[in-house]
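**Student:** Need coordinates for the below:
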Amino acid sequence: MQRNDNPLIVQSDRTMLLDVHAPRATECRDALIPFAELVSSPEHLHTYRLTPLSLWNAAGAGFTGAQAIRTLQEFSRYDVPQAVSAWIEETAGRFGKLRLVPAPPKDNDGVKDEYLYLVSTSGLVFREISANPAAQKLLVPCAYSAPVGSESNLTDAEKQFCFLLHLTDRGTVKQALLKLGWPVKDDVPLTDGAHLDIVLRKTTLGGKPFSIRDYQQEAAETLVGNRGPGTGFGTIVLPCGAGKTIVGMAIMSLLQTETLIVTTNISAVHQWIDELLDKTELTREQIAEYTGEEKTIRPVTVATYQILTWRPDKNTPYPHFALFRNSSWGLVIYDEVHMLPAPVFRVAAELQAVRRVGLTATLVREDGCEGHVFSLVGPKRYDVPWKELEKEKWIASAECIEIRVNLAKDKEIEYAVAASRSKHKIASENSVKTELAGELVRRYPEDKILVIGQYLSQLAEIARQLKAPIITGKTPNSERDKIYDDFRSGRIRVLVVSKVANFAIDLPDASMAIQVSGTFGSRQEEAQRLGRILRPKERTSRFFTLITRNTVEEDFGSNRQKFLAEQGYSYRLVRYTGTESLAALDSPCALPEGGSQSCI
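**Tutor:** Residues are numbered from 1 along each chain as shown. Presented below is the predicted three-dimensional model:
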């Protein structure tokens, strides 16, 4: 049956085409976000795909395969291919086929060793795992270890199809089985940490009224279990500027337990501490900083990923991992969880008995390790479309503009003969961008502006020409905090920053960003950089991306925009040939939501 007004075309290879001009296109895009991934987003048709991980993340949040099929049927222009419906049903149904449950401890020469059962109701699944060499190293069929007693709460089928594993292998097993295509539902109770009274204030220290927004409370309760079957672990996805820190504090107040918070840098550590003091009744004596500058442990400790992954050389253990193990944490918060480094994944594999939450604006990882976040921190438990929060004015509205510039004449030959990686650097550092950044700063005198880039020499030259302060990885933390504070207070209007400002930096009055270069085609970075200007404000924020025409930057720029296009942001394209060409910025194009339109 054909429904010409519907916006979605579902294809038998499990890709989907969304016609952005069709009625209900925006509604359809929002409906796809929980269980589908955006692949590309040119002007008229956006391509989505279904993957096992996208369906299992949805299942972890209670979104079933049947709901996914109904969504496709509702919005599809043509009949949904039967093979696609069958695949969704089969793949989503894999979540929950394997469960982890407690097993009685075993006495081993007077020492109580703790074990778990991995159980299934399917003999076929049991035999597939039994035959896998990687699984054989970690799992022992219960029939060959200790028969499951009648005291267990397992069904007869689960007693029959059962493995025994050591408690310390809990995370490693989940990770290994995900690679085999079998996500594990972890039903092992979590241990309680030391109690800590955590009360949210009604009024901040500055005297402003403070309350949790509805979606922040819902996110916290979804994880903890006050709304439906909370697991106590998982990932919460909210736009930059939507208050993920407050969601973390709400979870802390619900659990009332000692908490370890791990974040991206020292500035973010200080922001967490300031927020905790401002919005909870915790005292400074109850909160500690564990960084390269100060190493203290208190009931609430805020650490950086950098200090946890430091070691004297590559052949020695990580000395600061003891922070995870030697305290009675009842909650671990992984801030910007998409940045979780590989060594911390190993600790996350061990810390499976602790309640844990990952906070992020995007689960996109350019290294393809989204499965690690899923299996070790937890599946996505809560997500809200960015445009939905913009509509409610919880985050700022934003206009995204890509300005394409010509390559400087003196670099044309060098670019033509350069290797591919060098081509990206030459195009990114194009001196025409420095000229254009200055023009944009002068054009918008009422905005508080961030100039963001990847290459330090380029940023230093822009900062020199704009007479603006610059923050890079080499800037001392005390100086960095002072410059951020000067920007927040309005003492400076323009700030030049390297990629150190991509994450976890709260600059609420920033209303314009000029992106002069980036990390190749990182979608995650694009989302984070837009997030720097999304704190709620009356004016529309502007996000400029400067791209060198007819170079590899165009392809990388297109890839970077995919995630934001999925969230409904449109990119205007403007060609820069001199100051007069910027007049196009005063005549907005009629843009299809979620698309792009040339204003050349």
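
**Student:** what's the burial count for the spatially closest residue to residue 17 that is not a sequence neighbour?
**Tutor:** In space, and not counting its chain neighbours, residue 17 is closest to residue 9: 4.3 Å by CB to CB, 6 or more residues apart in numbering. C-betas here are computed from N, CA, C, even on glycine. Counted by other CB atoms under 10 Å, the residues lying close to residue 9 total 17.

**Student:** Can I take it that residue 9 is in a helix?
**Tutor:** No - judged by DSSP: H, G, I helix; E, B strand; the rest coil, residue 9 forms no part of a helix; its state is strand.

**Student:** got the contact list for it?
**Tutor:** Contacts for residue 9 (CB atoms under 8 Å, 6 or more residues apart in numbering) come out as 16, 17, 19, 76, 77, 78.

**Student:** Among those residues, which one sits closest to residue 232?
**Tutor:** Nearest to residue 232 out of the contacts of residue 9 is residue 16 (CB to CB; 33.6 Å).

**Student:** Am I right that the closest one is in a strand?
**Tutor:** Yes - Residue 16: assigned to a strand according to three-state DSSP.

**Student:** thinking again about what came up before, what's the distance between the residue nearest to residue 17 and residue 424?
**Tutor:** As for residue 9, its distance to residue 424 is 35 Å (criterion: CB to CB, to the nearest Å).

**Student:** coming back round to it: and the contacts of residue 9, which are buried?
**Tutor:** Buried members of those, counted by 16 or more other CB atoms under 10 Å: 16, 17, 19, 76, 77.

**Student:** quick one, what contacts the closest residue to the third one other than its chain neighbours?
**Tutor:** Leaving aside its chain neighbours, residue 19 sits nearest to residue 7 (4.8 Å; criterion: CB to CB, 6+ apart). When contacts are counted by CB under 8 Å, 6+ apart, residue 7 is found next to 18, 19, 20, 22, 23, 24, 25, 28, 75, 77.

**Student:** How much space separates residue 7 from residue 239?
**Tutor:** Distance from residue 7 to residue 239, by CB to CB: 23 Å.

**Student:** cool, residue 252 as well?
**Tutor:** Here residue 252 is placed at a distance of 21 Å from residue 239 (CB to CB).

**Student:** Return the set of buried residues in stretch 215-222.
**Tutor:** 215, 216, 217, 218, 219, 220, 221, 222.

**Student:** between the residues you listed, which is closest to residue 507?
**Tutor:** For these, the minimum distance to residue 507 (CB to CB) is 20.2 Å, reached by residue 216.

**Student:** In the stretch 1-150 of the chain, where is pLDDT below threshold?
**Tutor:** 1, 40-43, 107-113, 143-150 (pLDDT under 70).

**Student:** which stretches of it form helices?
**Tutor:** Using DSSP state H, counting those that start in this stretch, the helices found in the stretch 1-150 of the chain span residues 25-32, 52-60, 65-75, 82-93, 123-130, 133-136.

**Student:** got the angle between the third one and helix 52-60?
**Tutor:** The reference is to helix 65-75. Here the directions of helix 65-75 and helix 52-60 differ by 110 degrees (axes from the mean of the first three to the mean of the last three CA atoms, to 10 degrees).

**Student:** Check which helices and strands helix 65-75 is in contact with.
**Tutor:** strand 8-10, helix 25-32, helix 52-60, helix 82-93 (3 or more CB pairs under 8 Å, 6 or more residues apart in numbering; DSSP states H and E).

**Student:** Nearest to residue 542, out of those?
**Tutor:** Minimum separation from residue 542 across the helices and strands packed on helix 65-75 (CB to CB) falls at helix 25-32, 22.1 Å.

**Student:** in that closest one, what's buried?
**Tutor:** Under the neighbour-count criterion of 16+ other CB under 10 Å, helix 25-32 has 25, 26, 28, 29, 30, 31, 32 buried.

**Student:** just checking, residue 338 touches residue 369?
**Tutor:** No - here residue 338 does not reach residue 369: they are 9.0 Å apart, not a contact under CB atoms under 8 Å.

**Student:** who has more neighbours, those two?
**Tutor:** residue 338 (23 against 15).

**Student:** For the residue lying closest to that one once chain neighbours are set aside, which residues count as its bridge partners?
**Tutor:** Sequence neighbours aside, residue 360 is the residue nearest to residue 338 in space, at 4.7 Å (criterion: CB to CB, 6+ apart). Beta-bridge pairing for residue 360 (DSSP bridges): residue 237.
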